[in-house]
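*Asks:* Next input, structure requested:
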Amino acid sequence: MVATGSRDRHSSSSTIPSNKRCISSTVQDKKKVVKPLGICSFCLGDEEKNANGAPEDMLSCSECGNC
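*Replies:* Below is the predicted model of the structure:
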């Protein structure tokens, strides 16, 4: 039994609560710039000294910044 005045869940879904509205595409299209950590997560070396004690260029993940 449904109380008088209450809405059915499946009734009109044309109204969207303000906190559920879509974000504009310009905000979604922005890409975060990730700053690399500078320390290898595998050997804990850096650009000046890797696990073998030699300098080595670091690469980093474009998503999280981990090396």
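
*Asks:* Check the nearest residue to Glu56 once chain neighbours are set aside and give its pLDDT.
*Replies:* In space, and not counting its chain neighbours, Glu56 is closest to Asn50: 4.2 Å by C-beta to C-beta, 6 or more residues apart in numbering. C-beta here means a position set from N, CA and C on the backbone, and glycine is covered the same way. pLDDT, Asn50: 87.

*Asks:* For Asn50, give me its contacts.
*Replies:* 40, 43, 56 (C-beta atoms under 8 Å, 6 or more residues apart in numbering).

*Asks:* and what of Glu56?
*Replies:* If you count contacts by C-beta under 8 Å, 6+ apart, Glu56 has them with 45, 47, 50.

*Asks:* What score does it have for pLDDT?
*Replies:* pLDDT, Glu56: 87.

*Asks:* Please identify which of the contacts of Asn50 is nearest to Cys64.
*Replies:* Cys40 (13.9 Å; C-beta to C-beta).
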